[in-house]
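*Asks:* only geometry, no sequence info:
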């Protein structure tokens, strides 16, 4: 029996509502992330799964304590911005300095010591050691987006205090005059305790298993719905539908912490469980779920036969998704390195990493569609006599 329950977008949306509007922000190492892990574990136990556990690990953390950007040419009004995580802080009182526009090549090659620079198509990483007072990075979006430089944390010096602003605000600043700017960025960088939540639905005839996962954490600026309460909701609704099933292969369900600081939770799990992952045939990661204006993507890291299976099931279910080969994404990468093929199942949206990523912009119907595809894929693969594709990934993605 594959399942005894029909996928429900309404039930899935209830998880979104709780995670977003009761728990709220779930940044790595915070009480919100801990509460989310507890909620997910309680749901998994309530569905009757075995071996429900919370595994703790250490992860980098950058806590925002305050940020502000003002430009005198705009009458000193506050400019909508987000700080870059894991950059340096300004003095407590902030910094005022001459403001200058620079293109990427100028930023890399010129001396802008003591200035605040406004630039597009750059990363603050490129300004490490440039002795800027601050960097204003233009996002090619209608609003600023939170970014994190966790990938260089501990490897190089900190980038100068940096914020992102929208393209429209950047043009307004330039049009009104770039004389000077006031910037205040205060953040505290350190290490925190994060956690993964795991559970297991055992197989009946094989010691092979599959993994279905989603990350439970968020960025620290308020965006917490499509990224990734929606993904967690898809996972939990699949669990509900399969909890009483008896399938040949087992299924591990994992909600990872610390994805937003470099997929630390996935890496910690893969390292801790490397020996047992030799029996893992496949992993699907649901990252991004339920956005009303979103678009579905199935990014396949594996053989042509896996790609064909993924496409044919989408066609069979009339699931509107772009299917393509891919180097994976985020939480699948540590598993690809161990030879486990994957799908990065994403429904992108237009509010990534901002407070605009709200549950009001998600809906039960796109969640139901994602659940239905994920459920059918996992259930079919878990109950086949022989999987339709080999356990392999392209050599360039394997460890």
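*Replies:* Arrived safely. These numbers were taken from a predicted model, which means no experiment stands behind them.
*Asks:* Any idea which helix or strand in this structure has the lowest mean pLDDT?
*Replies:* helix 104-109 (a mean of 86; mean pLDDT, DSSP states H and E).
*Asks:* And it, what's buried?
*Replies:* Neighbour-count burial for helix 104-109, counted by 16 or more other C-beta atoms under 10 Å, picks out residue 107. No exception for glycine: its C-beta is placed from N, CA and C like everyone else's.
*Asks:* Output the contacting helices and strands for it.
*Replies:* strand 116-120 (3 or more C-beta pairs under 8 Å, 6 or more residues apart in numbering; DSSP states H and E).
*Asks:* for the record, mean pLDDT for the helix or strand following the strand it packs on?
*Replies:* Of the helices and strands lying after strand 116-120 in sequence (DSSP states H and E), the nearest is strand 134-139. The average pLDDT within strand 134-139 is 96.
*Asks:* Which SSE is immediately downstream of strand 134-139?
*Replies:* strand 147-148.
*Asks:* where along the stretch 151-300 of the chain do the strands fall?
*Replies:* Using DSSP state E, counting those that start in this stretch, the strands of the stretch 151-300 of the chain run over 162-166, 180-201, 209-215, 250-256, 280-286, 295-301.
*Asks:* CSV for those strands, including mean neighbour count and distance to residue 235?
*Replies:* Formatted as CSV, the strands of the stretch 151-300 of the chain follow (neighbours: other C-beta atoms under 10 Å; distance: least, C-beta to C-beta, whole Å):
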stretch, mean neighbour count, distance to residue 235
strand 162-166, 25, 30
strand 180-201, 21, 10
strand 209-215, 26, 5
strand 250-256, 25, 6
strand 280-286, 25, 6
strand 295-301, 21, 16
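*Asks:* Which one, of these, ends up nearest to residue 146?
*Replies:* strand 162-166 (7.4 Å; C-beta to C-beta).
*Asks:* So what are the sheet partners of that closest one and their directions?
*Replies:* Each strand paired with strand 162-166, and its direction, by DSSP bridges: strand 82-85 (antiparallel), strand 134-139 (parallel).
*Asks:* Report the spatially nearest residue to residue 359, omitting neighbours in sequence.
*Replies:* residue 20 (4.2 Å; C-beta to C-beta, 6 or more residues apart in numbering).
*Asks:* neighbours around the one you found, how many?
*Replies:* 25 (other C-beta atoms under 10 Å).
*Asks:* mind listing what it touches?
*Replies:* Residues in contact with residue 20, defined by C-beta atoms under 8 Å, 6 or more residues apart in numbering, are 224-225, 229, 358-359.
*Asks:* just residue 26 next, same as before
*Replies:* By C-beta under 8 Å, 6+ apart, the contact set of residue 26 is 19, 32-33, 35-36, 216-218, 224.
*Asks:* And it, how far from residue 52?
*Replies:* Using C-beta to C-beta, to the nearest Å, we find residue 26 at a distance of 19 Å from residue 52.
*Asks:* Kindly report the same for residue 369.
*Replies:* For residue 369, the distance to residue 52 - C-beta to C-beta - is 27 Å.
*Asks:* swap in residue 64?
*Replies:* In terms of C-beta to C-beta, residue 64 sits 32 Å off from residue 52.
*Asks:* cool, residue 133 as well?
*Replies:* With C-beta to C-beta as the criterion, residue 133 and residue 52 are 50 Å apart.
*Asks:* again, but for residue 279
*Replies:* Residue 279 sits 20 Å away from residue 52, going by C-beta to C-beta.
*Asks:* More neighbours: which of those two?
*Replies:* Using other C-beta under 10 Å as the criterion, residue 279 and residue 52 rank with residue 52 on top: 19 against 13.
*Asks:* I figured the more buried one hits residue 196, correct?
*Replies:* No - between residue 52 and residue 196 there is no contact under C-beta atoms under 8 Å: 11.6 Å.
*Asks:* To residue 100, which of the strands of the stretch 151-300 of the chain lies closest?
*Replies:* Here strand 180-201 is closest among these (C-beta to C-beta), at 9.6 Å.
*Asks:* and that closest one, which strands flank it?
*Replies:* Strand 180-201 has these strand partners (DSSP bridges): strand 50-70 (antiparallel), strand 95-101 (antiparallel), strand 250-256 (antiparallel).
*Asks:* which of these is buried the deepest?
*Replies:* strand 250-256 (a mean of 25; mean count of other C-beta atoms under 10 Å).
*Asks:* what angle separates it from strand 280-286?
*Replies:* Here strand 250-256 runs at an angle of 40 degrees relative to strand 280-286 (axes from the mean of the first three to the mean of the last three C-alpha atoms, to 10 degrees).
*Asks:* thinking again about what came up before, make CSV from the contacts of residue 26 and add distance to residue 111 to it.
*Replies:* Below are those laid out as CSV (distance: C-beta to C-beta, whole Å):
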residue, distance to residue 111
19, 47
32, 42
33, 41
35, 48
36, 46
216, 44
217, 39
218, 38
224, 41
